[in-house]
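Peer 1: Just the structure for this:
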Amino acid sequence: MCTCTCLMRLTRMRTKTLCFQGNCAPYMLFKKCVFIISLSIISVSCAPVVRDYYKPIYSEGVTHSNGCGGSGPTDNISIQLSGGVELEVSSSSSAKNERFKSFHFAASIIAPSGTYFQFESDEIVIADNTTNKTWNVKIAELITRAENIPNANSDESTNNGYLSVIPISKITGNTFFGYNTLFGKKYFNSGASISIFSSDIEYKLEDYSVQLPSIIINGKKYIIEPIRFLHVRSIGIDPLNC
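Peer 2: Presented below is the predicted three-dimensional model:
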């Protein structure tokens, strides 16, 4: 007969039995409950992490993170251009290495249907803001899809539906259905992207700017001011369940 508070020991296994208000609960069940509670706490808990990244800076841009739940470093920036065209960029720099490219720059340009755009030239200019030294780096290719290229040739090389085209190709925006939400249908725009890896920069940059070529949007030239990237080291908070 269990009293309001009782504790029994079984031979060898020494399995404990907890009693609450006249009902006996096995110790293993108690341990399971503790585990579930602990797991629940961990799933909503956060931990400090070291952040080491390049923060983009542009007067008309909005920085954001692509990390888990948006909790990572704000190393991406979105810039609204003309005619619903949106530019998103990120970049990083490291010490010169014989095995790896020391500089990376990525950009994607998306546009709604009925809008076209193209780069005026095929290179970017990187400027070290501490020494004023500059480098001209070629854009090797644009990555896009067949529906974004007017009169695309069927024999062009594809990779999972994507095409590699010359940097000054004319790209047509495309608006497509994504998924349904509680507030209605969600649509997305598509366009093209570039990804540049270079070993031309001889050292790790701490504060630099990238000048993209002018973009022609529906026949009108749009000049983008240099986008600054600042090396940031800080302590951030990330969810433990990421």
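
Peer 1: tell me, what residue is most central in the protein?
Peer 2: residue 66 (3.2 Å; CA atoms, centre = their mean).

Peer 1: thought that one was touching residue 72?
Peer 2: Yes - with contacts counted by CB atoms under 8 Å, residue 66 reaches residue 72, the gap being 6.6 Å. C-betas here are computed from N, CA, C, even on glycine.

Peer 1: Report how many residues lie close to residue 106.
Peer 2: Taking other CB atoms under 10 Å as the criterion, the count of residues near residue 106 is 15.

Peer 1: is it true that residue 221 touches residue 119?
Peer 2: No - using CB under 8 Å, residue 221 makes no contact with residue 119, being 10.9 Å away.

Peer 1: out of the two, which sits in the more crowded spot?
Peer 2: With other CB under 10 Å as the criterion, residue 221 and residue 119 differ in neighbour count, and residue 119 comes out ahead with 23 against 10.

Peer 1: Run a quick neighbour tally on the closest residue to the more buried one other than its chain neighbours.
Peer 2: Using CB to CB, 6 or more residues apart in numbering and skipping the chain neighbours, the partner closest in space to residue 119 is residue 213 (4.7 Å). Using other CB under 10 Å, residue 213 has 18 neighbouring residues.

Peer 1: Residue 59 now?
Peer 2: 7.

Peer 1: For it, which residues are in contact?
Peer 2: Counting by CB atoms under 8 Å, 6 or more residues apart in numbering, residue 59 makes contact with residue 225.

Peer 1: picking that back up, just confirm the residue nearest to residue 119 is within a strand.
Peer 2: No - assigned with DSSP: H, G, I helix; E, B strand; the rest coil, residue 213 falls outside any strand and is coil.

Peer 1: Let me see the contact set for it.
Peer 2: Residue 213 neighbours (CB under 8 Å, 6+ apart): 119, 120, 121, 122, 123, 124, 139.

Peer 1: can you do 6 Å?
Peer 2: Shown in contact with residue 213 (CB atoms under 6 Å, 6 or more residues apart in numbering): 119, 120, 121.

Peer 1: pLDDT value on it, please?
Peer 2: With respect to pLDDT, residue 213 scores 97.

Peer 1: ok, it to residue 55 distance?
Peer 2: Residue 213 sits 23 Å away from residue 55, going by CB to CB, to the nearest Å.

Peer 1: and if you look at residue 143?
Peer 2: For residue 143, the distance to residue 55 - CB to CB - is 25 Å.
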